[in-house]
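Asker: coords please:
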Amino acid sequence: MRHNPFRSCLFLFSAAFFAFGGMAPTHSQILDLSFTDIWAEDPAPQGSSWGVNFAQSDNFIFATFFVYGEDGQPKWYTGEMNTRNGTSRCLSWETLTPATAFCGALHQTVSKPPSNMLSPSETQTTPVGKVAFEPLTPTTGRLYIEIGSTQLTKNVRRLTLTAPPRGAEGYYNSSGKITKTWKDENATVTVTTDMADWLTFLLAEDGEMTLLFGWFCQISGRVFADGPFYVAKDAVYLCWNDGPWGGPPGLQLNTTADIYFRFNKTGGMEGYWVSKKDEAHNMYEDKASFSGTFQTMPE
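Answerer: Now for the predicted structure:
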């Protein structure tokens, strides 16, 4: 039987399924974000020395794995993953579809030791299986490997290399998508609409963030750095008057949300949030992805 170093690399994967602290839902809006980054096992085991780099262009991700074989020598694997419309499975053993995950071919590259590291000799690249990446949040995901009958799964997280840049406080001209779900008598209603609005972003020195948007809505909470994102878990999510699903005047929404956002060097920001169900208001919940361009400072 031909030896498969990818399978025997205990530093990289085990065939056992690692729980993610309760399975998180997959949200299609997450796919609107960029996943270019260095990713590693989550949680990181002591002594782990493997990881994967993602370089994303539109709906395509080129993945390079830095792993080790059973002989302790580094192994070179690459993946070419796409998202696309359709219901066909990415892998034969998982229910992932191209609409909810990136998936494609996995290759192994081998070469004789080069005298010049930039001029390898007799390089050979061979397809060995399939690879898929399922985003769970903007900073976490699940990696799947299929090589013949070998089926491997691992949770991964972006590495935080440096503190993410802090953007300007003020008004942002934003756009995005929001998916809203609520109970209407005995039916469940789900509506996805475009977001085109002004966001007001405030971030205090102590890490307290406030995001104002839409019909008198706000999300506020204390943030921490996670990869290139700022994250606020269980942030307070309130809406007054005409909330996102309408209703009588007064408090229309009182729940919490997990929100992720980051800034770029050109004055823009992008983010994502997912709320918890508000049992007191028609079991309302929503999830949204947004991007914005800085306009003016708050008055």
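
Asker: hmm, residue 63 is touching residue 131, no?
Answerer: Yes. Here residue 63 reaches residue 131: they are 6.6 Å apart, a contact under Cβ atoms under 8 Å. Where C-beta positions appear, they are placed from N, C-alpha and C, glycine not excepted.

Asker: overlap of the contact sets of the two?
Answerer: Common neighbours of residue 63 and residue 131 (criterion: Cβ atoms under 8 Å, 6 or more residues apart in numbering): 79, 81.

Asker: the two: which has the busier surroundings?
Answerer: Counted by other Cβ atoms under 10 Å, residue 63 and residue 131 do not tie: residue 131 has more neighbours, with 28 against 22.

Asker: which ones are touching the more buried one?
Answerer: 63, 79, 81, 103, 104, 105, 106, 143, 144, 145, 146.

Asker: surely the fifth one is within a strand?
Answerer: By that I understand residue 104. Yes. Looking at residue 104 with DSSP: H, G, I helix; E, B strand; the rest coil, it is inside a strand.

Asker: specify the beta-bridge partners of it.
Answerer: residue 81, residue 131 (DSSP bridges).

Asker: check the last one too.
Answerer: Taking DSSP bridges as the rule, residue 146 bridges to residue 130, residue 151.

Asker: tell me how far it lies from residue 131.
Answerer: 8 Å (Cβ to Cβ, to the nearest Å).

Asker: tell me where the model's unsure across the protein.
Answerer: Within the chain, the segments meeting pLDDT under 70 span 1-29, 46-48, 113-121, 215, 241-251, 297-299.

Asker: tell me where the stretch 1-150 of the chain has helices.
Answerer: Ranges of helices in the stretch 1-150 of the chain, per DSSP state H, counting those that start in this stretch, are 5-8.

Asker: intersection of neighbour lists for residue 146 and residue 131?
Answerer: Counting by Cβ under 8 Å, 6+ apart, the shared contacts of residue 146 and residue 131 are residue 106.

Asker: and the buried ones among the contacts of residue 131, selectable in PyMOL?
Answerer: Only the buried members of those enter the following PyMOL selection, criterion being 16 or more other Cβ atoms under 10 Å:
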select buried, resi 63+79+81+103+104+106+143+144+145+146
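
Asker: any chance of the contacts of residue 131 in CSV with distance to residue 127 as columns?
Answerer: Below are those laid out as CSV (distance: Cβ to Cβ, whole Å):
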residue, distance to residue 127
63, 14
79, 11
81, 14
103, 14
104, 10
105, 5
106, 7
143, 18
144, 16
145, 13
146, 12
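
Asker: and which of the contacts of residue 131 is nearest to residue 207?
Answerer: residue 143 (30.6 Å; Cβ to Cβ).

Asker: what is the neighbour count of the residue nearest to residue 98 when sequence neighbours are not counted?
Answerer: The spatially closest residue to residue 98, leaving aside those adjacent along the chain, is residue 84, at 4.5 Å (Cβ to Cβ, 6 or more residues apart in numbering). Using other Cβ under 10 Å, residue 84 has 12 other residues around it.
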